[in-house]
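Asker: Take a look and give me a structure for this.
(chains A, B and C)
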Amino acid sequence: MSIAKVIVDVPAKQTDRPFDYLIPEHLEEVIQPGMRVIVPFGPRKVQGFVESVEETSSFKSLKKVIEPMDVVPVLNEELLLLGDWLSKTTLCYKISAYQAMLPPALKAKYERKLKLVSENANFMLPDGLEQLFASEPSVLWEEAVKFASIHAIQKLVKEGIAEVHYEVQSKGKKKTTKHIIPLMSAEEMLIYAESLAKQASKQKQVIEFFIHNREPIEQRQLLERLNISSSAVKGLVERQVLAEKNLEIYRDPYEQRQFAKTEPLPLTGEQSTAIAPIHASISNDKHEVFLLYGVTGSGKTEVYLQSIQNVLEKGEEAIVLVPEIALTPQMVNRFKGRFGDQVAVLHSGLSVGEKYDEWRKIQRKEVKVVVGARSAIFAPFENLGIIIIDEEHEMTYKQEENPRYHARDAAIERGKIHNCPVVLGSATPALESFARAQKGVYTLLSLPSRMNNRPLPEVEIVDMREELKEGNRSMFSRVLLEKLKDRMEKQEQTVLFLNKRGHSSFVMCRDCGYVVKCPHCDISLTYHRYSNQMKCHYCGYEDQTPLQCPECNSEHIRYFGTGTQKVEEELTKVIPEAKVIRMDVDTTSRKGSHEKLLKEFQDGNADILLGTQMIAKGLDFPRITLVGVLSADTMLHLPDFRSSEKTFQLLTQVSGRAGRHELAGEVIFQTYTPEHYSIELASQQDYDRFYQSEMMIRRNHSYPPYYYITLITVSHEELMKTVAVTEQITKVVRHKLSPKTVVLGPVASPISRIKNRYRYQCLIKYKQEPNLKEVLKSILDHYQGEISSNGLQISIDVNPYILM
DNA sequence: AGCACGCCGACT
DNA sequence: GTCGGCGTGCTC
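Answerer: Residues are numbered from 1 along each chain as shown, chains lettered A, B, ... in the order given. A predicted model of the protein is given here:
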């Protein structure tokens, strides 16, 4: 008998290795590497992934695989390898790596049930428990516990009256609907129709239909098309002319939408020059990483589209990654428009079932192109011809939970395996990427000019300190207000951008400066206007806003800061006639509302679009001629070495929204630090100079791209314990790594407490540290006991993006 | 992660 | 003397 090496669904250090199981004879030919199986594990059943099938095992008493959960492996050979790479590079459990590569629908659902041993054992139940199995011989454990004491239930099990059962199910279900299929040939049907009674006109109609349509059809559609009731169909099914069959259908999130077919556009000289090396790489099956550096509006997307075209003509497949936030209908339209139903779309707005369906279209080779957010990098294609990452500098490509991977790294890894090009596109490349392009690790392709030669918009920096001195205490500078009014008169549109990070509305006492903080986390509570409540964004704690300051009893305690709601409020005060559309988490949480609001703005039903990060990307409307950034510097002061870079990228991005068409655009940055280089250079859209200045700073402070970094965060309920462990770890790291490596810490994390747990960290900066992974693993091993028993948490992020 | 096994305190 | 606390170690 063969042996399956299985990675079980138990994310723990001790189980992070294959377990051997016998493959029962009847499954001998069935079970293959990459399949999910149900296996016994201790007293319960768990899901597992077959890593490999082998002939021998060093373990003597093997259990058998219970059953496979898939007909076809969900992970192919390449993805199994990629999972290995993922767990090794990000130090996560293998099971977590595999799960991260699959749609959530394939995650196991576990049920613990209490089952009566014999069907008629009801009479054996002690007093008070007779009702427990009244309707069914087995009940969910949770139900049983609610019904009776754990003690009484355990007694039942001991006495052999009931048993505990463990069940494993896949979360996602394939959606099936009732289809009608013809059983007779067209000729037979003709004859049958003759034999029908005259009054059976509806049945005749149905037969008529099936004489011409031999394909299965959804019953619902059939009834609708012929305008009949189900009884006519039923009659024919009974007489075996037709049959009912449940067939799988896809939940298509874009079902009702028509996509206008678009043709490749003629390329500009610059575009042709840029695309040539990509095409060369495609036709030579050569892995190469390209950095496509093109200003906003320079036509990067057309380069993507035509590269993909090239790949498709070769019979290969393409993955396009887009930041979640930019995965707007506008973007999807462009791909669906060009490649039609060869495109699958994967993003977080889809339901679990929808994601699963899109994923299966890929698995079954029904599509050739995937457009999706981060996790789409694991699309199960087998002949990848190109991977494109748009807006490659975006932070959303880095996953902030385990496995803490960066989609860019995964893309390059896959590109190597498939010998295909990886194209990183951006107007403001990540410093790491641009540095690599400078060094020749990546090939730099530039698109320096905008399409149709539109000039970049004029940017004006407004010093808000001056405004304050002049007695303007509102959040709108006089210039901005003037221009706003001007656009209203001209019937042109404005986008107001609020950089919300770091400045959400909090509740503060105007007399003593007391700020209401979360009792469990070291963070101020965010004010939510609609419920008049304060909420912690880290642990979910909620409280009523106080009427009196708890510190000084003053009644002048109220919400502060500049949430979009507050801006909207003030906006309607200063320009009452303005029609404002507000886009933020609150107004776009409902499915489709994002799209609806944009549509409304596009149709000219509003003068001003006010929003946060989500409006920084992809907006491309001809009537936008003014962009205002209300506080350009809020991000600048976050405790993060990337804050300047992020500010520059965001401001450049936002400015790009104005004047993309015939009408010229203007941009206003309001700031309290106008002299800061990232604001100054963003206003000139001068990436190259920004790159130079920022690189200098990174070099001086030994940050990426000059150094690699790894962040260790320790958290525990007790402060002393947290500090002690971090101190110990820092010491070990310092001792074991090379003297050139910089080890910072222990220090409190920027958010020093979350959910009543103190957080301390240690930051490692290094150029070359071949033993780092081993050292980190040995640390995790050393604290293994306390992690599982004492509530200690140690998180390790190799190449972190946020230092919190 | 669960769960059993096993060694110490407070109780019928 | 037993019931039950949770520290320790195992799951093919």
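Asker: Close to DNA strand B: what parts of chain A are there?
Answerer: With the criterion set to CB under 7 Å from any atom of the strand, chain A comes near DNA strand B through A:10-12, A:14-15, A:42-44, A:110, A:112, A:164, A:166, A:788. Bear in mind the C-beta positions are built from the backbone N, C-alpha and C, glycine included.
Asker: can you list the residues you listed in JSON lines and add neighbour count?
Answerer: Below are the residues of chain A next to DNA strand B laid out as JSON lines (neighbours: other CB atoms under 10 Å):
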{"residue": "A:V10", "neighbour count": "17"}
{"residue": "A:P11", "neighbour count": "14"}
{"residue": "A:A12", "neighbour count": "12"}
{"residue": "A:Q14", "neighbour count": "8"}
{"residue": "A:T15", "neighbour count": "17"}
{"residue": "A:G42", "neighbour count": "9"}
{"residue": "A:P43", "neighbour count": "7"}
{"residue": "A:R44", "neighbour count": "14"}
{"residue": "A:Y110", "neighbour count": "13"}
{"residue": "A:R112", "neighbour count": "14"}
{"residue": "A:V164", "neighbour count": "16"}
{"residue": "A:Y166", "neighbour count": "17"}
{"residue": "A:S788", "neighbour count": "12"}
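Asker: how about these in JSON lines, adding secondary structure and pLDDT?
Answerer: Formatted as JSON lines, the residues of chain A next to DNA strand B follow (DSSP: H, G, I helix; E, B strand; the rest coil; pLDDT from 0 to 100):
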{"residue": "A:V10", "secondary structure": "coil", "pLDDT": "94"}
{"residue": "A:P11", "secondary structure": "coil", "pLDDT": "92"}
{"residue": "A:A12", "secondary structure": "coil", "pLDDT": "90"}
{"residue": "A:Q14", "secondary structure": "helix", "pLDDT": "89"}
{"residue": "A:T15", "secondary structure": "helix", "pLDDT": "94"}
{"residue": "A:G42", "secondary structure": "coil", "pLDDT": "91"}
{"residue": "A:P43", "secondary structure": "coil", "pLDDT": "88"}
{"residue": "A:R44", "secondary structure": "strand", "pLDDT": "90"}
{"residue": "A:Y110", "secondary structure": "strand", "pLDDT": "89"}
{"residue": "A:R112", "secondary structure": "strand", "pLDDT": "87"}
{"residue": "A:V164", "secondary structure": "strand", "pLDDT": "84"}
{"residue": "A:Y166", "secondary structure": "strand", "pLDDT": "83"}
{"residue": "A:S788", "secondary structure": "helix", "pLDDT": "79"}
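Asker: Looking at those residues, which one is closest to DNA strand B?
Answerer: Here the nearest of the residues of chain A next to DNA strand B to DNA strand B, counting by CB to the nearest atom of the strand, is A:A12; it sits at 3.6 Å.
Asker: Do a quick rundown of the helices in the stretch 301-450 of chain A.
Answerer: A:329-339, A:352-363, A:407-418, A:431-439 (DSSP state H, counting those that start in this stretch).
Asker: Which one of the ones you listed lies nearest to A:S201?
Answerer: Nearest of the helices of the stretch 301-450 of chain A to A:S201, taken as CB to CB: helix A:352-363 at 38.3 Å.
Asker: chain center to the closest one: distance?
Answerer: Centroid separation between helix A:352-363 and its chain, computed with CA atoms, centre = their mean, to the nearest Å, is 15 Å.
Asker: Please put the alpha-carbon coordinates of it into PDB.
Answerer: Once non-C-alpha atoms are left out, helix A:352-363 reads as follows in PDB (Å, rounded to 0.1, in the frame of the first residue of the first chain):
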ATOM      1  CA  VAL A 352     -16.800  33.400  -0.700                       C
ATOM      2  CA  GLY A 353     -18.800  31.500  -3.200                       C
ATOM      3  CA  GLU A 354     -18.100  33.900  -6.000                       C
ATOM      4  CA  LYS A 355     -14.400  33.800  -5.300                       C
ATOM      5  CA  TYR A 356     -14.500  30.100  -5.400                       C
ATOM      6  CA  ASP A 357     -16.300  30.100  -8.800                       C
ATOM      7  CA  GLU A 358     -13.800  32.500 -10.300                       C
ATOM      8  CA  TRP A 359     -11.000  30.400  -9.000                       C
ATOM      9  CA  ARG A 360     -12.500  27.200 -10.500                       C
ATOM     10  CA  LYS A 361     -12.800  28.900 -13.900                       C
ATOM     11  CA  ILE A 362      -9.000  29.300 -13.600                       C
ATOM     12  CA  GLN A 363      -8.400  25.800 -12.400                       C
END
